[in-house]
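Peer 1: A structural model of the following input is requested.
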Amino acid sequence: MNHFKDKRFWMLIPPFFITFLLLFILLPYEYKFYSFVVLLVFWMVYYTWNHLTEKRKKKEIS
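Peer 2: Residues are numbered from 1 along each chain as shown. Sure, this is the predicted structure:
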């Protein structure tokens, strides 16, 4: 369970989760599925950030 110790995860989750909830509540019924796009974007940003950080660390080591 690396997520509980990962600072990036906890930095990103509040704004994305709040955005998701607001969209889910405020959008009309036929557009509610668009709110799940926010969750997909969250995971894309999170894993991209981790990947770039790992890449930078490897570059600094060599």
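Peer 1: Low-confidence ranges, this structure, go.
Peer 2: Within the chain, the stretches with pLDDT under 70 are 1-4.
Peer 1: What is the longest helix of it by residue count?
Peer 2: As assigned by DSSP state H, the longest helix anywhere in the chain is helix 35-61.
Peer 1: Show me which positions of that one end up buried.
Peer 2: Buried residues in helix 35-61, counted by 16 or more other Cβ atoms under 10 Å: 35, 38, 42, 46. Yep, even glycine has a C-beta here, placed from its N, CA and C like the rest.
Peer 1: Without its sequence neighbours, what residue ends up closest to the third one?
Peer 2: Right, residue 42. Leaving aside its sequence neighbours, residue 42 sits nearest to residue 16 (Cβ to Cβ, 6 or more residues apart in numbering; 4.0 Å).
Peer 1: which strands and helices sit next to the host helix or strand of the one you found?
Peer 2: Using DSSP states H and E, residue 16 sits within helix 7-26. Counting contacts by 3 or more Cβ pairs under 8 Å, 6 or more residues apart in numbering; DSSP states H and E, helix 7-26 packs against helix 35-61.
Peer 1: what's the offset of the helix it packs on from the middle of its chain?
Peer 2: Distance of helix 35-61 from its chain centroid, counting by Cα atoms, centre = their mean, to the nearest Å, is 8 Å.
Peer 1: can you check stretch 12-22 too?
Peer 2: Using Cα atoms, centre = their mean, the mean C-alpha position of stretch 12-22 is found 9 Å from that of the whole chain.
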